[in-house]
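Participant: okay, predicted coordinates and the sequence, questions at the end:
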Amino acid sequence: AQKITQTQPGMFVQEKEAVTLDCTYDTSDPSYGLFWYKQPSSGEMIFLIYQGSYDQQNATEGRYSLNFQKARKSANLVISASQLGDSAMYFCAMRALNQAGTALIFGKGTTLSVSS
Amino acid sequence: GAVVSQHPSWVICKSGTSVKIECRSLDFQATTMFWYRQFPKQSLMLMATSNEGSKATYEQGVEKDKFLINHASLTLSTLTVTSAHPEDSSFYICSARDPRGDTQYFGPGTRLTVL
C-alpha cells in the first residue's frame, strides 16, 4: 500500500526567506512519481513540481525545488524567497507509474503562512 | 496547458434532492478521471476512479448508490449525489490524467451545501 506523510500541520515564514515542507512516502512499487500541489483558499489545486523515482537530478521549477532522497523516502519541497502569495495549503502526493489507472494519493497537507 | 473544468462551482440544495456535478477535460481526451472529496482543512480523499465506457471503481466506504458516476465520453465524467443530506456537504474535486504524460490536472472544485 502507498502512503504519504506530511508531519507539519502548519509552517510560518517571513517574506523573502526560504522554507522547506516535509514529505515522506512509502511504496512497494519500483516506479513512482511524486507531486506537490498548492491549494489556495479558492480551492483550486495548482500543480507545482514533479519528481520521477528514476530521475537522477532533483526537480526544480522556478522558486520551487524538490529535495529528493530516495534512500530515506523523502521528497521535501523547498520554496525559495517566499512571497505573500505563497500562503496556502500544500499537498504532497504520489502514484505508481506502471499503473495507468491509479489515482494520486495525498498527504494531509501543510498550511504555509507567509508574513511581511 | 491542459485544463479541466467543473460545473457548477458551487451549489446549495435542499435535503433529499439530487445534484449533478460535471467534470470536463478541455485540452485532451481522458480515459480515466478521478473524483475526490475534501472537508475543510483536510486532505483530498479519493472517492472513485471513473473509466470511460465502463463502471466506476469506488473506494472502500464510498456508497455506489449514493454517488453515481458516469463517464460517457472521453472528455466528460459526471458525479451525481443522490438524495443529498447535510453530511454530504463538502468540496468535490475531479481530476483527469493526461495520457500524454504523468500529470493529473484538477478541476476548480464544486462546493456543495445541503440544507
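Facilitator: That came through fine. Residues are numbered from 1 along each chain as shown, chains lettered A, B, ... in the order given.
Participant: how about residue B:34, what does it touch?
Facilitator: Counting by C-beta atoms under 8 Å, 6 or more residues apart in numbering or on different chains, residue B:34 makes contact with A:103-104, B:46, B:48-50, B:94-97, B:104. Backbone N, C-alpha and C define where each C-beta goes, glycine included.
Participant: now with 6 Å, please.
Facilitator: A:103, B:49, B:95 (C-beta atoms under 6 Å, 6 or more residues apart in numbering or on different chains).
Participant: quick one, phi/psi of the closest residue to chain B within chain A?
Facilitator: Nearest to chain B in chain A, going by C-beta to the nearest C-beta, is residue A:45, at a distance of 3.8 Å. Main-chain torsions, residue A:45, degrees, to the nearest 10: phi -100, psi 120.
Participant: tell me how many other residues surround it.
Facilitator: 27 (other C-beta atoms under 10 Å in any protein chain shown).
Participant: now the nearest residue to it once chain neighbours are set aside, which residues is it bridged with?
Facilitator: Closest residue to residue A:45 apart from its sequence neighbours, by C-beta to C-beta, 6 or more residues apart in numbering or on different chains: residue B:106 at 3.8 Å. Beta-bridge partners of residue B:106, counted by DSSP bridges, are residue B:95.
Participant: for residue 63, give me its contacts.
Facilitator: Here I'm looking at chain A. By C-beta under 6 Å, 6+ apart, the residues touching residue A:63 are A:79-81.
Participant: show me which residues of chain A sit near chain B.
Facilitator: Proximity of chain A to chain B is confined to A:33, A:43-45, A:101, A:103-104, A:106, A:108-109 under the rule C-beta under 6 Å from any C-beta of the partner chain.
Participant: now do 10 Å
Facilitator: A:4, A:6, A:9, A:32-33, A:35, A:37, A:39, A:42-47, A:50, A:52, A:89, A:91, A:93, A:95, A:97, A:100-109, A:111 (C-beta under 10 Å from any C-beta of the partner chain).
Participant: of the residues you listed, buried ones?
Facilitator: A:4, A:6, A:32-33, A:35, A:37, A:39, A:43, A:45, A:47, A:50, A:89, A:91, A:93, A:95, A:97, A:102-109, A:111 (16 or more other C-beta atoms under 10 Å in any protein chain shown).
Participant: I'd like the distance from stretch A:74-83 to the chain centre, please.
Facilitator: Computed by C-alpha atoms, centre = their mean, to the nearest Å, the separation of stretch A:74-83 from the middle of its chain amounts to 8 Å.
Participant: give me the buried positions along it.
Facilitator: So stretch A:74-83, judged by 16+ other C-beta under 10 Å, has buried residues A:74-79, A:82.
Participant: turn these into CSV, including secondary structure and pLDDT.
Facilitator: CSV is the format used below for the buried residues of stretch A:74-83 (DSSP: H, G, I helix; E, B strand; the rest coil; pLDDT from 0 to 100):
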residue, secondary structure, pLDDT
A:74, strand, 97
A:75, strand, 98
A:76, strand, 98
A:77, strand, 98
A:78, strand, 98
A:79, strand, 98
A:82, coil, 97
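Participant: coming back round to it: so which of the residues of chain A next to chain B are in strands?
Facilitator: Counting by DSSP state E, those place A:4, A:32-33, A:35, A:37, A:39, A:46-47, A:50, A:52, A:89, A:91, A:93, A:95, A:105-106, A:111 in strands.
Participant: thinking again about what came up before, what is the neighbour count of the residue nearest to residue A:45?
Facilitator: That count, for residue B:106 with other C-beta under 10 Å as the rule, works out to 23.
Participant: I figured it was touching residue A:37, is that so?
Facilitator: Yes. Between residue B:106 and residue A:37 there is a contact at 7.6 Å, judged by C-beta atoms under 10 Å.
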